[in-house]
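Novice: sequence and predicted structure are below.
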Amino acid sequence: MKTLWPVLCSYVRRWQFWLVLGLWLSQFVPFVCFACSGRHLSGYAFGAYAFGAFTFAVIYVAAAVAVQTKEHLGAYRAALVPGYMRPHLAAAGLWLAVALLPFPAVARATGHPASGLLGLGLALAGLAFAGCCRGGWRAGVLFGGCLLFCLPPVGKAVGAVAAGTAPWAAVSLGLLGLWFLADTVLFLVTMDEETPGYDVQWRGNLRQLSGPQARRGMFAAIRRLDRQNSLWLRLADVRMPAIIPFLGDSRWQRIRHWRRAQPNSALVVVTGSLTWLFMFAVQYGVGDGHVSPSIVLRNTLWILVMMPPMAAMQSWQTRGGMVARELTYPVRRRDLILEQGAAILLTVLLAWLLLVVTIMLLVSLLPGVVPWGTITTAVLLSGPWQLLVVALLARLATLNSAVPMVAVLTLGAAVGTAILFGCLALDSLPAAAGVGGAITVVGLLTVRSCYRHWLRADIA
Amino acid sequence: MSDHPVETRDLSKNFGKQPALCGVNLALPRGTVTGLLGRNGAGKTTLIKCLLGLLQPSVGESRVLGEPSTDLSPGVKARIGYVPQEPVIYPWMRVEQAIAYQGAFYPTWDRDLIQQLLRTFELYGRQRVGALSVGQLQKLAILLALASHPEVLLLDEPVAALDPEGRRDFLRMLVELVADGTRTVLLSTHITTDVERVCSHVAILKEGRLLRVDELDRLRDRIKELRLTATRPLPETAPELPGILHYSASGPSAVATVEGDVAAIAAQLGRDLHADVAVVGLSLEDLFLELHR
């Protein structure tokens, strides 16, 4: 106990803990509201919703705990300091339990079956923990499983398990999760530098609050996972010819060139659309061809507001450490800042446009899912909102700490959603257009201020 | 064309209230290799970053190839090579891709030189940058800096991570590079023997202030150690003479480090203290340590 407490506190002292807590709460609170609302949903519909909510919550936490545990146990101290491993493993187990158990507990307290959620949760936590610690096929199973969940029959089956209608499956999944956890713990306590998977880690993720590593952070770290075999790296290879001609003074060519240094910019662009399609497919599959407009609307708004700035953040984290180096290339500083900014804005704009087009296409094909007025309001507001949030993120990017950026990202999502819901409540397109216009003006002013700041800021 | 491709005038840089550079005046003559020496935190990296325009000076200015560092034109930047202390090269690219990516910005990118350097440094185009060792990464950074035939080369501890063979290769290459007398190199390092091997000039920084900047040989001629021997105990405090940097006595022997007209100071000390004086040359390391006492 004497050593467990400081180890537990070591999680709390890192800002990423609060980010993960925020993400966990963003799933848990709606789940509690949903479970307590007294809706009489069919079993698998409840299961699907519950699973959807706590999948993300458990994966966030398990991944973060895995990173920190491996960081601790992969250090030389683990082999030298007596009694070092036990409290770290106990702390990891406690945090996993804290993340996982409230969901089945709430389900049980509100009259829903809990065993299915428990089994699925253990499987997810085990897979995420193993995948993040060891990489390779374990990570593949996790991500592949999430993709499979898009398929309606799989979604329905998982929903049924979560709803407790297939106890044998829940028990099997629970045992599978425990096996993954036990296997990974065994790996962690016996690994050394020659153990395959030793160097799999999300470097920089939970390392420190400030400094250059903090700017690279969590999203960039995913890319480094299983570095040699990553599909994203292979895609980057395809985009990057071995011989590139001299760029000269062509600004557009240079903007395209800067974007080449974002290895997964295409993925960033499609992430919002894919996430929206994924959520829609889950709802569509679970609902047996019928979707709940309110849930689709919630997902749509959330993704519209959140995803493009997240893409911007990702873009920055990819590029952050490189800008100082690129500043020594033969490009004038003001041109470099304009072009780098344009490259990031272009990524965000493309992500947002693709998302809007995807939503509009699907809404045209399946009329009545979301009213056109709502979609138009969301488009009018979310576009300008991206500009403002991206400009704010870029303005803060010269700081040595990523905390303000994360705070802006989180607050930006909350405030943006609130404004959007406010305008929806007004049910007036001119009002939405007016608010959107005002946000655009503020966004453009912020872009200008950001540009001026970058002209004189230290970039090193 | 300026005879001093790298110049600073009263250059100061503060990080918050912490001064990193204080009134640095530096002018590197064309065709010279200047070793920049200083303890950890002396301001070497800050000085180089100010020269590159990565850090904005708090006071004063710096110029490279005649242009202010804060607003270098692409034409001038193309003539500058830089090897940072911790090379940051796109880890997801292969070596050949990183080379091609950077090369696209330089009109004078020399592919033949790249091939030659790849062979010398035993790097392979298909290697993933992220999988390179620290030393290999440093070699790649050196390669990227040299491939555009820069007129000004700013090297921030470039050999710290290299093995002895890599260091030797690099220093040889540096000597070859400056042999035509048109290139100017500023080499920040802790390894004084490397400075002695390749540098014609030396600049010594202490707590952000430039203590000395001079030709290496002249500095060695100007600063010497005097060993004094007398028949009776020598005074424990130094005589009031200009040019004595350090003095310590123990019985009939004393050691003094002096700067300036060494012969005159030695003669004066010998007369004043009635002692025999032997003049001893200092290695650069000893000289550095003496100046940091």
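Specialist: Looks like it came in fine.

Novice: list the contacts of the closest residue to A:Arg334 other than its chain neighbours.
Specialist: Excluding the flanking residues, the one nearest A:Arg334 by C-beta to C-beta, 6 or more residues apart in numbering or on different chains is A:Leu455, at 6.0 Å. For glycine as for every other residue, the C-beta is placed from the backbone atoms N, C-alpha and C. Applying C-beta atoms under 8 Å, 6 or more residues apart in numbering or on different chains, one finds that A:Leu455 lies in contact with A:Arg333, A:Arg334, A:Ile337.

Novice: check what pLDDT residue 49 gets.
Specialist: You didn't say which chain, so I picked chain A. With respect to pLDDT, A:Tyr49 has a value of 73.

Novice: chain B is the one I meant
Specialist: Reading off the model, B:Lys49 has pLDDT 92.

Novice: with adjacent residues omitted, what lies nearest to it?
Specialist: B:Leu55 (4.4 Å).

Novice: go ahead and confirm that neighbour touches A:Asp458.
Specialist: Yes. Using C-beta atoms under 8 Å, B:Leu55 makes contact with A:Asp458 at a distance of 4.7 Å.

Novice: looking at those two, which one has more neighbours?
Specialist: Between B:Leu55 and A:Asp458, counted using other C-beta atoms under 10 Å in any protein chain shown, B:Leu55 has the larger neighbour count: 25 against 15.

Novice: in which helix or strand does residue 176 reside?
Specialist: Went with chain A since none was named. helix A:167-190 (DSSP states H and E).

Novice: oops, wrong one, chain B.
Specialist: B:Glu176 is located in helix B:164-178, with elements delineated by DSSP H and E.

Novice: what sits up against that helix?
Specialist: Taking C-beta under 8 Å, 6+ apart as the rule, helix B:164-178 contacts B:31-33, B:117, B:120-121, B:135, B:138-139, B:142, B:146, B:153, B:158-159, B:162, B:183-185, B:187, B:191, B:194, B:197-198.

Novice: inside helices: which ones of these?
Specialist: B:Leu117, B:Thr120, B:Phe121, B:Gly135, B:Gln138, B:Lys139, B:Ile142, B:Leu146, B:Asp194, B:Arg197, B:Val198 (DSSP state H).

Novice: what's the host helix or strand of B:Thr257 packed up against?
Specialist: Using DSSP H and E, B:Thr257 maps to strand B:253-259. Other elements packing on strand B:253-259 under the criterion 3 or more C-beta pairs under 8 Å, 6 or more residues apart in numbering or on different chains; DSSP states H and E are strand B:223-229, strand B:244-250, helix B:262-273.

Novice: before we move on, what SS does A:Gly380 have?
Specialist: Let me fix one detail, which is that residue A:380 is Leu and not Gly. Assigned with DSSP: H, G, I helix; E, B strand; the rest coil, A:Leu380 falls in the helix class.

Novice: so which helix or strand takes in the residue nearest to it when sequence neighbours are not counted?
Specialist: What sits nearest to A:Leu380 in space, not counting adjacent residues and going by C-beta to C-beta, 6+ apart, is A:Gly436, at 4.2 Å. Secondary structure from DSSP H and E places A:Gly436 in helix A:429-456.

Novice: what residues sit buried inside that helix?
Specialist: Buried residues in helix A:429-456, counting neighbours by 16 or more other C-beta atoms under 10 Å in any protein chain shown, are found at A:Ala432, A:Val435, A:Gly436, A:Ile439, A:Thr440, A:Gly443, A:Thr446, A:Val447, A:Cys450, A:Tyr451, A:Trp454.

Novice: now stretch A:401-410
Specialist: So, applying 16+ other C-beta under 10 Å, buried residues of stretch A:401-410: A:Ala402, A:Val403, A:Met405, A:Val406, A:Val408, A:Leu409, A:Thr410.

Novice: now, among these, which is nearest to chain B?
Specialist: Ranked by distance to chain B (C-beta to the nearest C-beta), these are led by A:Ala402 at 16.8 Å.

Novice: who's in contact with residue 68?
Specialist: Just so you know, I chose chain A. Here A:Gln68 is in contact with A:Ser10, A:Tyr11, A:Arg14, A:Ala92, A:Leu206 (criterion: C-beta under 8 Å, 6+ apart).

Novice: that's the wrong chain, I meant chain B
Specialist: Counting by C-beta under 8 Å, 6+ apart, B:Pro68 touches B:Glu61, B:Ser62.
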